[in-house]
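K.L.:
A predicted structure for the sequence below; I have some questions about it.
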Amino acid sequence: MRPEAKPVFSDADLNTFKSTVPLALKKPWDGEQENLSTINSEPEVPNVLAGEQSNPEPAEPKSPGIRYKLVVDGPWGETTLRQTDDPFDLRAAGLDIDTIPKSDADDGPPPIIEITSWARGQLKGKWLSPVEWEKALEDIDDKIQKPTTLDEIYLREVTDTKMIVHSPLLLEVIRQTVEYYPSQNLTGDTIIFDEPYRCLVHHFQDFEAQYQRAVAEEKNNSNDLTRQLKKHIEVLLEFIRPFEKKLKSVQSRLDKKAPTIRFEDVWWILRPGSFAYFLHEDKWIGCVIMSVKWKVKSNISKWNIWVWFLDEYWQDSGPCKLERVFKKLYIPTFEGERAIHDLPIVPQSFHDKTDDGERLATIEARSEKRLKILRNRNMQVMHSGRTLDTDDDEKGERNLTAPVIADDMIGQSSNVLPSSNWVFTVPFITRDKTAVDAQRENMGLRGIRVPEYHEVDIFQPEKVTKKHLFLLLPKIAAFAPDTKSWHIVHVDNVEFMDGNSSRAKLVIEDSNIDIIRALCSPILSGKQSWSPDFIRSKGEGVVILLHGPPGVGKTYTVEVTALTSGRPLLSLTIADLGTKEETIEEKLSQWLSLAERWRAVLLIDEADIFLERRKHTDLARNGIVSAFLRKMEYFRGVLFLTTNRVGHIDEAFLSRAQLIIGYKPLDQQKRKKIWEGFFEKLANERKGKIRVGNAAKRYVLEDEEILKAEWNGREIRNALYTAISLAQYEARDDDEGEETLVESEHFRRVLKVSEQFRQYYNSIKHDTSSSRARDLYGRNDDYWTEEKDEE
């Protein structure tokens with residue numbers, strides 16, 4: 001049920017307005033541009049509702065109801081060839097000039113409303129071809145004498161018909177009734193409506209209610225003004241009524257249990273200013289309809305629909321606010337009737353009746369999720385699904401199942417985001433007030449009223465309404481640490497992560513684990529830790545060096561530290577930093593800055609490449625080491641460095657690390673823990689799908705043949721993965737869903753291949769692994785055995 005129309009004027013207002021508003025305004029609309037300062041302002045008439053007074057105007061001649069006007073455009077420019085108080089319709093008459101009333105209207109005050117038709121014509125004589133005609137229009141010739149009568153021209157087409165409202169009383173009624181109708185200018189001394197006057201038809205019942213109010217006011221307080229008010233509304237209603245009557249058959253289709261619509265009637269349900277759902281790449285998004293226009297090109301009809309919705313932008317000072325973004329939709333022509341719910345844009349009022357608000361609740365929930373992420377400024381979340389990235393030629397979406405760091409602020413400001421169909425521009429309304437007016441002027445949107453849904457600070461939750469949630473775009477800029485790449489992702493594809501992982505197990509000594517966690521915890525949790533340095537901002541971070549032979553758990557220690565603290569892990573290699581002295585410092589600064597912002601655990605693997613002992617003969621190498629040392633001292637995060645060549649690292653660095661931990665080569669007990677850890681992980685993640693048999697477990701844990709191999713942790717992982725792959729390959733013809741069993745034979749085959757390579761590798765070396773570690777890598781693997789013997 002429509003709300004009761006509010007009265008335009010009270011009795012007191014009418015008495016005041018009677019002496020303040022002249023019946024005649026400026027001459028009919030002539031294309032003059034209004035000043036930009038009038039945007040979203042009321043017309044320059046006294047504000048009678050506020051009680052403004054002015055001196056009474058002299059009596060004016062009676063204003064006609066409707067005046068019809070014909071303006072003809074040709075090589076001479078534009079000229080008005082007929083003004084009459086009698087109606088005519090050139091389109092319906094097939095451009096027959098004889099259907100136009102012969103008599104011109106007398107000069108006098110402007111009418112209540114004016115209906116102006118623009119047509120294209122040419123002087124009688126030689127008939128121009130379409131090409132010649134278009135060229136003639138482009139080359140306006142001031143020397144051509146303008147026609148003064150219709151008898152001098154042929155009409156080629158009617159290009160436009162508009163209603164121009166002149167009556168100040170009717171202008172005020174319209175402004176009070178039409179509160180928000182995007183693309184309709186409601187300011188100025190006149191209001192112009194394009195045929196078929198959809199804005200007025202959409203509000204027809206509201207105008208009828210205003211008319212009934214005016215009738216009642218006239219009965220209670222009959223005077224010239226109340227009679228004029230009633231008359232002017234009546235003139236508008238009688239002109240619009242034929243357009244409104246055509247909608248009765250449309251309404252009957254809409255009242256069906258499964259409502260349908262014809263192509264030509266789509267505009268009626270897509271009322272500008274109303275809320276709707278539109279389909280974008282198979283996802284429903286909430287929007288506000290801005291404009292609906294019928295376009296015909298190459299004899300193919302379609303509806304062009306502009307909608308707006310909300311996205312966020314970050315100001316330089318930090319606040320995150322909502323702004324409008326726009327998109328153009330199309331509904332191509334279709335035959336007969338179509339179900340409304342099959343359209344790519346569906347009014348919210350229609351859809352919410354069919355699913356009890358389920359879609360609305362889903363959209364609001366995902367917007368709450370996005371706001372939670374935005375209010376954290378950056379957050380590590382788990383992404384599962386396809387990204388929203390695209391490349392230039394085709395969809396470049398990719399599957400991504402991995403932790404990502406959601407950070408719209410960095411994504412937007414750093415020009416790092418890939419192209420995406422989910423990044424929309426702001427062509428009409430910008431963030432700057434002056435630019436807003438300029439953009440509206442350029443796009444022909446001057447005077448449009450818009451509700452204040454934009455410029456809302458998301459860090460003020462009390463200002464974020466359900467409507468904001470409905471309109472918020474469901475996409476996020478996210479960085480994938482595993483691939484070092486930025487993506488646009490959908491909110492539905494991300495889930496919040498649990499930072500506690502009790503399943504992650506380390507094989508280093510408990511005392512070392514405690515020290516690592518004690519050093520990292522204050523920084524990773526966002527707490528301010530004490531710095532022993534007297535220089536401010538220096539020494540506020542933590543640098544930990546982990547050294548030892550390959551595969552003993554150095555990198556895994558860092559990974560588990562990040563996992564159990566719930567913080568992202570940024571793992572850098574030479575590929576991420578480069579080796580050129582002139583660029584390495586800049587890249588290192590960028591990564592250190594991101595690590596601080598995200599409170600991430602930063603890992604530089606094989607750090608000896610960058611921190612190798614300086615030499616007098618290698619100035620470039622010295623510059624790289626110096627850059628690292630300088631940046632590390634002012635880094636305020638957690639930095640892990642790993643190396644299996646600790647003897648090659650510059651001594652200046654060793655004094656700058658808060659903690660240095662050496663990892664012993666694995667013994668049988670540690671290998672057993674690693675195997676058992678992998679078996680537990682497999683059982684938790686692939687229960688019922690893959691299982692390692694008990695005999696196979698005994699083989700890898702106890703058999704002398706495999707114990708002699710002395711595999712390190714990475715080799716154990718690779719052996720298990722290869723054995724599982726073998727088992728799955730052999731079971732490829734089994735029924736789907738049947739459990740794959742990994743047996744001892746699979747591990748024997750892996751061991752055989754591994755030992756063959758090891759024997760070959762040792763045959764081309766003239767030393768042992770221990771001597772190579774000492775002589776080539778600056779590492780003494782025998783130290784730990786010697787230490788144990790001394791004990």
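P.N.:
Sure, I can see it. Numbers count the residues shown, from 1 in each chain.
K.L.:
When you work out contacts or count neighbours from here on, use the C-alpha atoms and nothing else.
P.N.:
Fine.
K.L.:
other SSEs contacting the host helix or strand of residue 469?
P.N.:
Assessed by DSSP states H and E, residue 469 sits inside helix 466-471. Using 3 or more Cα pairs under 8 Å, 6 or more residues apart in numbering; DSSP states H and E, the elements in contact with helix 466-471 are strand 283-297, strand 300-314, helix 358-375.
K.L.:
Turn those into a markdown table, columns for mean pLDDT and mean neighbour count.
P.N.:
Formatted as a markdown table, the helices and strands packed on helix 466-471 follow (pLDDT from 0 to 100; neighbours: other Cα atoms under 10 Å):
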| stretch | mean pLDDT | mean neighbour count |
| --- | --- | --- |
| strand 283-297 | 92 | 19 |
| strand 300-314 | 91 | 20 |
| helix 358-375 | 96 | 18 |
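K.L.:
any chance of the ones you listed in TSV, with distance to residue 171 too?
P.N.:
Shown next, in TSV, are these (distance: least, Cα to Cα, whole Å):
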stretch	distance to residue 171
strand 283-297	22
strand 300-314	26
helix 358-375	37
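K.L.:
These: which one's closest to residue 80?
P.N.:
strand 283-297 (27.2 Å; Cα to Cα).
K.L.:
what ranges do the strands span in the stretch 401-550 of the chain?
P.N.:
Secondary structure of the stretch 401-550 of the chain (DSSP state E, counting those that start in this stretch): strands located at 475-480, 485-490, 494-496, 542-547.
K.L.:
mind listing what's buried in the helix or strand harbouring residue 176?
P.N.:
Assigned by DSSP H and E, residue 176 falls within helix 168-177. Under the neighbour-count criterion of 16 or more other Cα atoms under 10 Å, helix 168-177 has 168-175, 177 buried.
K.L.:
And that helix, what does it pack against?
P.N.:
helix 204-220, helix 224-245.
K.L.:
can I get these in JSON lines with mean pLDDT?
P.N.:
Shown next, in JSON lines, are the helices and strands packed on helix 168-177 (pLDDT from 0 to 100):
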{"stretch": "helix 204-220", "mean pLDDT": "93"}
{"stretch": "helix 224-245", "mean pLDDT": "93"}
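K.L.:
could these be laid out in TSV, adding distance to residue 694?
P.N.:
Shown next, in TSV, are these (distance: least, Cα to Cα, whole Å):
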stretch	distance to residue 694
helix 204-220	80
helix 224-245	81
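K.L.:
Show me the domain layout of this protein.
P.N.:
11-18+44-60+167-246, 64-166, 256-354+425-472, 510-662, 668-777 (automatic domain parsing).
K.L.:
What pLDDT does the model give the residue lying closest to residue 601 once chain neighbours are set aside?
P.N.:
Distance criterion Cα to Cα, 6 or more residues apart in numbering; nearest residue to residue 601, sequence neighbours excluded, is residue 569 at 4.8 Å. Note on residue 569: pLDDT of 95.
K.L.:
count of neighbours near residue 569?
P.N.:
25 (other Cα atoms under 10 Å).
K.L.:
that older thread, redo the domains of the chain as TSV? Include distance to residue 481.
P.N.:
Shown next, in TSV, are those (distance: least, Cα to Cα, whole Å):
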stretch	distance to residue 481
domain 11-18+44-60+167-246	43
domain 64-166	57
domain 256-354+425-472	23
domain 510-662	6
domain 668-777	21
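K.L.:
And those: which comes nearest residue 478?
P.N.:
domain 510-662 (12.0 Å).
K.L.:
if we can go back for a sec, I'd like to know which of the helices and strands packed on helix 168-177 is closest to residue 423.
P.N.:
helix 204-220 (37.9 Å).
K.L.:
Off-centre distance for the closest one?
P.N.:
Between the centre of helix 204-220 and the centre of its chain there are 45 Å (Cα atoms, centre = their mean, to the nearest Å).
K.L.:
Would you mark the buried spots in it?
P.N.:
204, 206-215, 217-218.
K.L.:
Could you point out which of the buried residues of helix 168-177 is nearest to residue 401?
P.N.:
Using Cα to Cα, these come closest to residue 401 at residue 177, 52.2 Å.
K.L.:
Just the pLDDT at the closest one, thanks.
P.N.:
93.
K.L.:
Quick one: find the helix or strand in the chain with the lowest mean pLDDT.
P.N.:
Ranking every helix and strand in the chain by mean pLDDT, DSSP states H and E puts helix 433-442 at the bottom, with a mean of 39.
K.L.:
quick one: residue 725 from residue 256, how far?
P.N.:
Residue 725 sits 59 Å away from residue 256, going by Cα to Cα, to the nearest Å.
K.L.:
so where does residue 200 fall, helix or strand?
P.N.:
Short version, using DSSP H and E: residue 200 is in helix 198-202.
K.L.:
give me every residue that touches the nearest residue to residue 373 once chain neighbours are set aside.
P.N.:
Spatial nearest neighbour of residue 373, excluding adjacent residues (Cα to Cα, 6+ apart): residue 379 at 6.2 Å. Neighbouring residues of residue 379 by Cα atoms under 8 Å, 6 or more residues apart in numbering: 373, 405-407, 598.
K.L.:
which of these tops the neighbour count?
P.N.:
residue 406 (30 neighbours).
K.L.:
Please list all residues in contact with it.
P.N.:
373, 378-381, 476-479.
K.L.:
If we use 6 Å, what do you get?
P.N.:
Contact partners of residue 406, counting by Cα atoms under 6 Å, 6 or more residues apart in numbering, are 378-379, 477-478.
K.L.:
Quick check on those residues: which are buried?
P.N.:
Among the contacts of residue 406, the ones that count as buried by 16+ other Cα under 10 Å are 378-379, 477-478.
K.L.:
just for the stretch 351-500 of the chain, where's the confidence low?
P.N.:
391-397, 426-454, 499-500 (pLDDT under 70).
K.L.:
one step back: let's have the contacts of residue 379 in JSON lines, adding distance to residue 233.
P.N.:
Compiled in JSON lines, these are given as follows (distance: Cα to Cα, whole Å):
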{"residue": "373", "distance to residue 233": "52"}
{"residue": "405", "distance to residue 233": "59"}
{"residue": "406", "distance to residue 233": "55"}
{"residue": "407", "distance to residue 233": "55"}
{"residue": "598", "distance to residue 233": "62"}
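K.L.:
No more questions from me, cheers.
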